[in-house]
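Q: Got a sequence here, can you build the structure:
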Amino acid sequence: MFISPAFAQGAPAGAPGFDMTMIMIIGMFALMYFFMIRPQMKRAKEHKQMVDALQKGDEVIAAGGLIGRVTKLGEQYVTMEIAAETEIVVQKSAVQVVLPKGTLKTLQ
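A: Numbers count the residues shown, from 1 in each chain. Purely as a prediction, here's the structure:
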């Protein structure tokens, strides 16, 4: 008698329900995958293929802008000749670009 009956209150008109909210969250993850994660994985795969295909005599650009010719290849390191009689050792992963043959002759 003193307790008034409680009535269930529905969602206000126009508010998205739980199912619509879940669809929006899943959609955001799908967009993130296609615009951020997938392209990054593709670039990493291409870089790994490029590094695996390095050969002695290739002209490359390493991280930091160093330009040189590959003289020795190891498991994880590459020896580059950056000037006459000047060689440096860099990690294979630091090689960013393989240049076309003859590029170094035009730069000197």
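
Q: For the residue most central in space within the chain, give me the pLDDT.
A: What sits nearest the mean C-alpha location of the chain, by Cα atoms, centre = their mean, is residue 40, with 3.4 Å. Looking at residue 40, its pLDDT is 95.

Q: you'd agree it is in a helix?
A: Yes - according to DSSP: H, G, I helix; E, B strand; the rest coil, residue 40 belongs to a helix.

Q: all strands for the chain, in order.
A: 59-62, 67-73, 77-83, 86-91, 95-99 (DSSP state E).

Q: Quick check: the gap between the closest residue to residue 64 other than its chain neighbours and residue 46.
A: Nearest non-adjacent residue to residue 64, counting by Cβ to Cβ, 6 or more residues apart in numbering: residue 94, 7.9 Å away. Bear in mind the C-beta positions are built from the backbone N, C-alpha and C, glycine included. From residue 94 across to residue 46, the span is 16 Å (Cβ to Cβ, to the nearest Å).

Q: Residue 19 too?
A: From residue 19 to residue 46 the distance is 40 Å (Cβ to Cβ).

Q: name the helices or strands packed onto the helix or strand bottoming out on mean pLDDT in the chain?
A: Lowest by mean pLDDT, DSSP states H and E among the helices and strands of the chain is helix 103-107, with a mean of 76. Secondary-structure packing of helix 103-107 (3 or more Cβ pairs under 8 Å, 6 or more residues apart in numbering; DSSP states H and E): strand 67-73.

Q: sorry, back to before: same drill for residue 94 and residue 46, tell me which one is more crowded.
A: residue 94 (16 against 10; other Cβ atoms under 10 Å).

Q: Understood, closing this out.
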